[in-house]
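# No sequence on hand, only this structure:
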């Protein structure tokens with residue numbers, strides 16, 4: 001197929017996957033009618049785990065996804081889904097005493113883990129801005145601004161730059177905490193900065209204010225200066241407060257996701273010099289991932305030179321790879337990137353999509369290409385955002 005045919009095929013397949021699999025699964029199988037909001041856990045067989053805790057991140061991702069779908073396909077059921085996520089976030093996750101979102105609540109809505117993970121706050125900003133684009137009610141934007149101001153007042157490190165990881169419920173700093181579900185104790189991380197960057201990009205899109213543009217420009221600078229390794233064009237992942245890297249671990253999914261989110265942030269600023277610099281970095285990052293995965297049918301998860309290797313194929317990595325390769329194709333004109341995007345879509349379609357029970361399998365063995373048993377279909381990390389956003393990005397990028 002030529003490039004025009006590849007893009008037409010990708011667009012058609014993405015629309016079908018979004019509207020016939022991902023969106024219906026979440027609409028029909030995840031709503032918790034008894035306790036409100038959405039089920040916290042569903043197993044690989046499609047069975048609800050009724051007492052599984054609920055996550056602010058997944059609720060925010062549902063809010064973002066269905067707000068975004070609604071703007072492309074304005075059906076009331078998509079808006080209703082977004083509204084349900086918005087209401088549940090503010091009825092149960094919002095800390096009325098200290099501000100910010102709890103990390104986890106139990107299945108009935110009682111606070112369970114009240115730490116203020118900056119990662120979660122970023123996702124709520126990202127989601128609120130998308131919801132505000134769908135429903136232009138200033139009260140929604142005001143809520144996003146409250147969290148943004150908390151990050152700038154409580155989290156931003158004015159001495160060494162960047163944003164710290166995790167705080168107590170009252171926003172007092174915590175030390176010796178692991179980064180989310182990882183195994184590395186760090187003061188700052190690539191992952192949190194990536195999603196604050198993503199959040200501030202969306203905030204700058206809906207809030208015409210010079211201050212947010214300055215903060216977004218600073219995040220772009222932080223990403224290029226401290227997080228992108230200038231020798232390898234992979235991300236460094238974990239840091240102390242002064243930005244010394246703590247591991248040599250490589251995360252290919254974050255590399256390729258970050259490549260297009262970095263460029264999107266630069267585009268939002270509109271400065272030609274920043275756009276060019278971000279574009280150059282973005283293409284080099286994707287080239288590094290392409291080189292690392294040249295002999296595999298899709299993108300493996302993580303490695304650490306001279307250490308461990310996780311060679312499995314994780315659902316979100318493949319979704320972000322399709323978008324990252326498409327973005328690199330649009331920036332460079334190299335059809336190698338377009339072909340790779342198409343090849344990974346075919347891999348997703350053949351192996352990752354659960355065509356019997358719906359949604360996507362979480363992880364595939366690199367040896368057998370079979371789903372890893374006993375990994376949940378839905379939980380605090382697995383939502384509709386990566387694969388739903390992939391579909392939306394394909395449709396937008398392949399429409400010319």
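Alright, I've got the coordinates. It should be emphasised that the depicted structure is a prediction, and the values quoted were computed from it without experimental measurement.

# who's in contact with residue 361?
44, 315, 351, 352, 353, 354, 371, 372, 375, 377 (CB atoms under 8 Å, 6 or more residues apart in numbering). For glycine as for every other residue, the C-beta is placed from the backbone atoms N, C-alpha and C.

# wait, isn't the first one in contact with residue 378?
No: Residue 44 is beyond contact range of residue 378, at 9.9 Å (criterion: CB atoms under 8 Å).

# So which of the two has more stuff around it?
Summary of the neighbour comparison: residue 44 and residue 378, criterion other CB atoms under 10 Å, with residue 378 having more neighbours (26 against 17).

# bridging residues for that one?
With DSSP bridges as the criterion, residue 378 is bridged to residue 42.

# Tell me how far it lies from residue 352.
Applying CB to CB, to the nearest Å, one obtains 15 Å for the distance of residue 378 from residue 352.

# Residue 232 too?
In this structure, residue 232 and residue 352 are 27 Å apart, going by CB to CB.

# So which of the two has more stuff around it?
Neighbours per residue, other CB under 10 Å: of residue 232 and residue 352, the larger number sits with residue 352, 24 against 16.

# what comes into contact with the worst-scoring helix or strand of the chain on mean pLDDT?
Taking all helices and strands of the chain together, the one with the lowest average confidence (mean pLDDT, DSSP states H and E) is strand 309-310, at a mean of 92. Outside of strand 309-310, the residues within contact range by CB under 8 Å, 6+ apart are 300, 301, 302, 303.

# Pretty sure residue 19 is one of the things residue 73 touches, is it not?
Yes: shown here, residue 73 and residue 19 form a contact pair, counting by CB under 8 Å, at 6.9 Å.

# Among the contacts of strand 309-310, which one lies nearest to residue 326?
Here the nearest of the contacts of strand 309-310 to residue 326, counting by CB to CB, is residue 300; it sits at 19.9 Å.

# How about the contacts made by the closest one?
252, 292, 293, 309, 310, 311, 312, 313, 317, 366.

# Now do the SS call for it.
The local conformation at residue 300, judged by DSSP: H, G, I helix; E, B strand; the rest coil, is coil.

# Which pLDDT value goes with it?
Among the per-residue scores, residue 300 shows a pLDDT of 96.

# what are the phi and psi angles of it?
Here the main-chain torsion angles of residue 300 (degrees, to the nearest 10) amount to phi -70, psi 170.

# and it, how far is that from residue 190?
Where residue 190 is concerned, residue 300 sits at a distance of 18 Å (CB to CB).

# cool, and residue 321?
From residue 321 over to residue 190 the distance is 17 Å, taken as CB to CB.

# So which bits of stretch 243-252 are buried?
Buried positions in stretch 243-252, judged by neighbour count with 16 or more other CB atoms under 10 Å: 243, 245, 246, 249, 250, 251, 252.

# give me every residue that touches the closest residue to residue 38 other than its chain neighbours.
Closest residue to residue 38 apart from its sequence neighbours, by CB to CB, 6 or more residues apart in numbering: residue 30 at 4.8 Å. Contacts of residue 30 were listed using CB under 8 Å, 6+ apart, and they are 38, 39, 42, 62, 378.
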